Each structure stands twice: as C-alpha cells, then as structure tokens.
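**Q** quick check, what structure comes out for this input:
(one chain, ligands or ions: 2)
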Amino acid sequence: MKTVSQTATKVMAEVVTDLPQRRVGIIGGTFNPPHLGHLIMAQQVGDQLGLDEVRFMPDAQPPHVDEKKTIPAQDRANMVQRAIADNPLFKLETAELKRGGKSYTYDTMKALKAQHPDTQYYFIIGGDMVDYLHTWSRIDELVKLVTFVGIKRTGYPTTSQYPVIWVDAPLVDISSTQIRHKVSQGHTVRYLVPDAVAEYIKEHHLYETKPTN
Ligand SMILES: Nc1ncnc2c1ncn2[C@@H]1O[C@H](COP(=O)(O)OP(=O)(O)OP(=O)(O)O)[C@@H](O)[C@H]1O
Ligand SMILES: O=C(O)c1ccc[n+]([C@@H]2O[C@H](COP(=O)([O-])O)[C@@H](O)[C@H]2O)c1
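**A** Ligands and ions are numbered 1, 2, ... in the order given. Model prediction:
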C-alpha cells in the first residue's frame, strides 16, 4: 500500500516532468559595438524557432584571437543593454564577463547547463562560422550541450558535420569593424546601430581614433 507521502512524491515528479522545457537562444560575440545585424538575426531566430528568450552574451576575451584591441567589457555590456532595452524577448547574459579569461563556449555552456539542466540552449552563429566549428574547444562535447543555429549566408555551405538548424534571415551587411571604422572617420552610424548605441558611442568618445582591426 502506498503512503500519502509516496503518492505526493509521484504526483510532484509528474508535475516536474510535465513542465515545458525553457528554450533559450544565445548569441555570443564581442559586440564592439552591437549593431542592427545582431538584432535582426536574434529576432528572426527567436521568432522562427519560437524561443522563450534570446540572450546576448559579450565575451571577456574572444577564444581564437590572441590579442584583440577592444574596449572595456563594461562599455560593451552597457551598449548591449541599451540596444536590447526595448525588446522583452532579449536579455543580457553576463556569464563570460563574470568568469573572465578566454571565453570558450564549452566552459560557458557547461556552467549554464549545470545551473539550469532543464533549459534547452540554442547557440546562434553566422553561417560563415559553421564551417569552423571543428576548430572550437571540445566541440564534440559542446554539441551535446547546445543546438547550433546557423544563419544562412549566400556563398557559404548550409551543410555541416555537426547538427545545425539553419534559419533564413535577411542578410544585413553590417559589421562592428565597419561601425568602428565609420566613427573613426567622422561618418554617421545612424540606422546601422540603434540610436541609444550611437548616443553611447558619442557620449563616451568611443572609436574616435583609427582602429587597428
Ligand atoms: N550582419 C550580421 N548578420 C548576421 N550575423 C552577424 C552579423 N554580424 C555579426 N554576426 C554574427 O554575430 C555574432 C557576434 O558577432 P561579433 O560581435 O563578433 O560582431 P561582428 O560584426 O562580426 O564583429 P567584428 O566586425 O568586430 O568582427 C557572430 O556569430 C557573427 O557571425
Ligand atoms: O569555444 C570556442 O572554441 C569558440 C571559438 C570561436 C568562437 N566562439 C564563440 O562564438 C561566438 C562568436 O565569435 P566571434 O569571434 O565571431 O565574436 C562567441 O561567443 C565566441 O566565444 C567560441
């Protein structure tokens, strides 16, 4: 005969098992600065895959670049915060900034998954990067922790030796490099970055000297 507490435990277990899994997209990057290309891609993936949220995750140090002339992490996080402020789907993920050091995605996702085992993570990358997944740290273990989402890009293959969900999003040829260059030349970045990011760049005199990368 079952005791009351055994029955309660079984009911609880059923309730827990029946909870819908939280589905979270993550876009990692340097966001130096964030631009409309990032926002369009995040919104398209969030919408097409029906995600509960999409997080923008600035890295502390990009894994594959020995030394990248970047600006303080706090400025990059502030700009992301301003870029996403009016969109309830978007959140800032500070895991890599808090950890510091090289931002290997495996380390980050292992930690996030340990904190939230029931969350399903979708790691969003540009289609041009999919071809390089084999160079990522512990990629064979990483693909078990996250589902990769690739944004299709003209001229790049839409096949991979790893499981990738491909999403079609309008191609917007904007890069952070281009923004830094324009600012350093005294040109406008209006409509290339959100107004709040353009204001932040101006207020903090970012990128006013010619970038080296
Ligand atoms: N215009 C864009 N459209 C779609 N995806 C983009 C675009 N620009 C960057 N991405 C993707 O966003 C993620 C973060 O990019 P990152 O912060 O390095 O920006 P970036 O513009 O590529 O920067 P940089 O020019 O400094 O290399 C990467 O997965 C990258 O492939
Ligand atoms: O973990 C790795 O080995 C690895 C190698 C290359 C890129 N990444 C991640 O991919 C994201 C986009 O990288 P990037 O260089 O285009 O800014 C960012 O979150 C990086 O940490 C991760």
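**Q** okay, the host helix or strand of I125 in CSV with CA atoms only?
**A** Using DSSP states H and E, I125 maps to strand 120-126. Taking C-alpha atoms only, strand 120-126 is exported to CSV below (Å, rounded to 0.1, in the frame of the first residue of the first chain):
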residue,chain,number,x,y,z
GLN,A,120,17.5,23.8,-23.9
TYR,A,121,20.1,26.2,-25.3
TYR,A,122,20.3,27.2,-28.9
PHE,A,123,23.7,28.7,-29.8
ILE,A,124,23.3,31.1,-32.7
ILE,A,125,26.2,31.8,-35.1
GLY,A,126,26.6,33.4,-38.6
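**Q** now it: buried residues?
**A** Residues of strand 120-126 classed as buried by neighbour count (16 or more other Cβ atoms under 10 Å): Q120, Y121, Y122, F123, I124, I125, G126. Where C-beta positions appear, they are placed from N, C-alpha and C, glycine not excepted.
**Q** wait, isn't the fifth one in contact with A42?
**A** Right, the one you point to is I124. Yes. With contact defined as Cβ atoms under 8 Å, I124 reaches A42; the gap is 7.1 Å.
**Q** and the closest residue to Y104 other than its chain neighbours, what is it in contact with?
**A** Nearest non-adjacent residue to Y104, counting by Cβ to Cβ, 6 or more residues apart in numbering: S137, 4.3 Å away. With contacts taken as Cβ atoms under 8 Å, 6 or more residues apart in numbering, S137 has the following neighbours: P63, Y104, T105, Y106, D107.
**Q** ok, now V183?
**A** Here V183 is in contact with V189, I201, L206, Y207, E208 (Cβ under 8 Å, 6+ apart).
**Q** would you turn those residues into JSON lines with distance to V54?
**A** Shown next, in JSON lines, are those (distance: Cβ to Cβ, whole Å):
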{"residue": "V189", "distance to V54": "23"}
{"residue": "I201", "distance to V54": "23"}
{"residue": "L206", "distance to V54": "25"}
{"residue": "Y207", "distance to V54": "26"}
{"residue": "E208", "distance to V54": "31"}
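**Q** drop anything exposed from these.
**A** V189, I201, L206, Y207.
**Q** who in this protein is up against ligand 1?
**A** 27, 29-32, 37-38, 41, 125-126, 129, 151, 172, 174-177 (Cβ under 6 Å from any ligand atom).
**Q** lowest-scoring secondary structure element of the chain by mean pLDDT?
**A** Least confident helix or strand of the chain, by mean pLDDT, DSSP states H and E, is helix 4-18 with a mean of 51.
**Q** what's the nearest residue to R153 if we skip its chain neighbours?
**A** Using Cβ to Cβ, 6+ apart and skipping the chain neighbours, the partner closest in space to R153 is G127 (3.6 Å).
**Q** D107 too?
**A** The nearest residue in space to D107 (Cβ to Cβ, 6+ apart) is R99, at 7.3 Å.
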